[in-house]
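give me a 3D structure for the following:
(one chain, ligands or ions: 2)
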Amino acid sequence: MADSAQAQKLVYLVTGGCGFLGEHVVRMLLQREPRLGELRVFDLHLGPWLEELKTGSRWGSLWRGGCGRFPIPSQAGIPTPAVEQMILVSVHMDGIRPVRVTAIQGDVTQAHEVAAAVAGAHVVIHTAGLVDVFGRASPKIIHEVNVQGTRNVIEACVQTGTRFLVYTSSMEVVGPNTKGDPFYRGNEDTPYEAVHRHPYPCSKALAEWLVLEANGRKVCGGLPLVTCALRPTGIYGEGHQIMRDFYRQGLRLGGRLFRAIPASVEHGRVYVGNVAWMHVLAARELERRAALMGGQVYFCYDGSPYKSYEDFNMEFLGPCGLRLVGTRPLVPYWLLVFLAALNVLLQWLLRPLLLYAPLLNPYTLAVANTTFTVSTDKAQRHFGYEPLFSWEDSRTRTILWVQATGGSAQ
Ligand SMILES: NC(=O)C1=CN([C@@H]2O[C@H](COP(=O)(O)OP(=O)(O)OC[C@H]3O[C@@H](n4cnc5c(N)ncnc54)[C@H](O)[C@@H]3O)[C@@H](O)[C@H]2O)C=CC1
Ligand SMILES: CC(C)[C@@H](O)CC[C@@H](C)[C@H]1CC[C@H]2[C@@H]3[C@H](O)CC4=CC(=O)CC[C@]4(C)[C@H]3CC[C@]12C
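Ligands and ions are numbered 1, 2, ... in the order given. Reported below is the predicted structural model:
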């Protein structure tokens, strides 16, 4: 590495930086990346929480300097998206470090906006994506965002000379496949027929392939692009909207949820803070270990227990007063299949009037009903990853968040 961490002031760009995972990545970088000089937060929807960074109340950052609308220096006259910059003074272990946080409202499907945001960045952490398995967006839009958006990020790195790209992929790139084959405590090398039909896993698989294929391409300046892809399993933690939806559903049903999936179906889950930490560490080590990490995929994992999706959720919803009724599914599987299909019909019929997108549809039922768990240490072997948060800590933090939201819309 050219300079010591103390001297380097690097520019990081996080796409999707206001999303569930993205926000945790942003906060983790502010807390644990001593080389950070500027942090660009790029998102279609800038979150109100960015305003909190001004007070520094939650992240050891002291607010210094005004926050005004400053355009990023336009690249060759390319119009730049709305930009808000604020200067933070982050408190790191090695002392006080000034960090510029630049909030950029932009769209990854717009190549010029991506190029303007990437220009001058040392590292790009690309988490932006349309995480839709509920039929909210069309297959075309899902492809536009997840595939073309990723293509735009790659091309922006090549055109502007940014050399390091960490992509947030997904377990869904692997499975469950269309045949419902279980993936039982598998790793990155486990043979598995990754066949998909649903737009979301198809888009993630193609985007991941593009990222890995781009590894080694020469960027502006002649040096090689170094890429890797991280594959989280089901992420949980503060800000997980599906967990909040389950909590609200249970409150509506008098504090009860009804088992729909056999307890024997194991589903891999990973705490959002550990996923964020893995992103920060991979981004840091990608330069030093380019030969080993370049073009590689890594499952995201931690000490979260293997359980069914519903039983795992009850680790948090139980202490919040909910009860899961039934030791076995309360309705026969064929009835769930029928209800899932009915939901698709209703979604289609109601679409001209409103968006009806329930949790239960044929795809979510199939995924929930198929064992998919990982057991690997590849990230530890390749770049020294160890979970930052224990299972107990992850569980406590998630429970506190569920209690704090109280089923509200936050
Ligand atoms: N939530 C989960 O369980 C898992 C998520 N992932 C991946 O992690 C990444 C983040 O997912 P989540 O945080 O759960 O989703 P999220 O929906 O909370 O965050 C995605 C962010 O991307 C932004 N975005 C969407 N379209 C955009 C566009 N056209 N231009 C710019 N920004 C755009 C959204 O505004 C949002 O802030 C995604 O790539 C997803 O595929 C992978 C495995 C599991
Ligand atoms: C209604 C019941 C059948 C209920 O149990 C349905 C749960 C269902 C909403 C979830 C079960 C498995 C989840 C998916 C899994 O964690 C893998 C994922 C990876 C991603 O990249 C995005 C999210 C998701 C598809 C996740 C979505 C919610 C489930 C389907």
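
how long is stretch 376-388 from one end to the other?
Stretch 376-388 has its terminal residues 16 Å apart, counting by C-alpha to C-alpha, to the nearest Å.

next, the buried residues of that stretch.
Going by neighbour count (16 or more other C-beta atoms under 10 Å), the buried part of stretch 376-388 is 376, 378-379, 382-383, 385, 387-388. Using the backbone N, CA and C atoms, a C-beta is placed for each residue, glycine as well.

would CSV of those residues with distance to Leu324, secondary structure and pLDDT be doable?
Formatted as CSV, the buried residues of stretch 376-388 follow (distance: C-beta to C-beta, whole Å; DSSP: H, G, I helix; E, B strand; the rest coil; pLDDT from 0 to 100):
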residue, distance to Leu324, secondary structure, pLDDT
Thr376, 29, coil, 98
Lys378, 34, helix, 98
Ala379, 32, helix, 98
His382, 38, helix, 98
Phe383, 38, helix, 98
Tyr385, 32, coil, 98
Pro387, 26, coil, 98
Leu388, 29, coil, 98
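
okay, and the helix or strand of the protein with the least pLDDT?
Lowest by mean pLDDT, DSSP states H and E among the helices and strands of the chain is strand 61-63, with a mean of 29.

next, the contact list for the closest residue in space to Pro305 that isn't next to it in sequence, please.
Nearest residue to Pro305 in three dimensions, chain neighbours excluded: Trp391, at 6.6 Å (C-beta to C-beta, 6 or more residues apart in numbering). Contact partners of Trp391, counting by C-beta atoms under 8 Å, 6 or more residues apart in numbering, are 271, 302-305.

between those, which sits nearest Leu230?
Distance ranking of these against Leu230, using C-beta to C-beta, places Asp302 first at 12.7 Å.

can you count the residues close to the closest one?
Counted by other C-beta atoms under 10 Å, the residues lying close to Asp302 total 21.

likewise Ala111?
Around Ala111 sit 18 other residues, with neighbours defined as other C-beta under 10 Å.

what's the closest non-adjacent residue to it?
Distance criterion C-beta to C-beta, 6+ apart; nearest residue to Ala111, sequence neighbours excluded, is Asn152 at 4.5 Å.

so is that neighbour in a helix, a strand, or just coil?
Here Asn152 is helix, with the state taken from DSSP: H, G, I helix; E, B strand; the rest coil.

and stretch 173-185, end to end?
16 Å.

now check it, is it near ligand 1?
No: figure legend: stretch 173-185 not in contact with ligand 1 (C-beta under 6 Å from any ligand atom); closest approach 9.0 Å.

what helix or strand is Tyr12 on?
Per DSSP states H and E, Tyr12 falls inside strand 10-15.

list the helices and strands that strand packs on?
helix 20-32, strand 36-43, helix 111-118, strand 123-126 (3 or more C-beta pairs under 8 Å, 6 or more residues apart in numbering; DSSP states H and E).

for the shortest one, buried residues please.
If you call a residue buried by 16+ other C-beta under 10 Å, then strand 123-126 has these buried ones: 123-126.

turn those residues into TSV, columns for distance to ligand 1 and pLDDT.
Formatted as TSV, the buried residues of strand 123-126 follow (distance: C-beta to the nearest ligand atom, whole Å; pLDDT from 0 to 100):
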residue	distance to ligand 1	pLDDT
Val123	17	98
Val124	13	98
Ile125	10	99
His126	8	99
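
and which of those is nearest to Asp181?
Distance to Asp181 across the buried residues of strand 123-126 (C-beta to C-beta) is lowest for His126, with 28.9 Å.

now do the same contact list for the residue of the stretch 151-300 of the chain found nearest ligand 2.
Residue nearest to ligand 2 within the stretch 151-300 of the chain: Gly234 (2.7 Å; C-beta to the nearest ligand atom). By C-beta under 8 Å, 6+ apart, the contact list for Gly234 reads 171, 267-270, 309.
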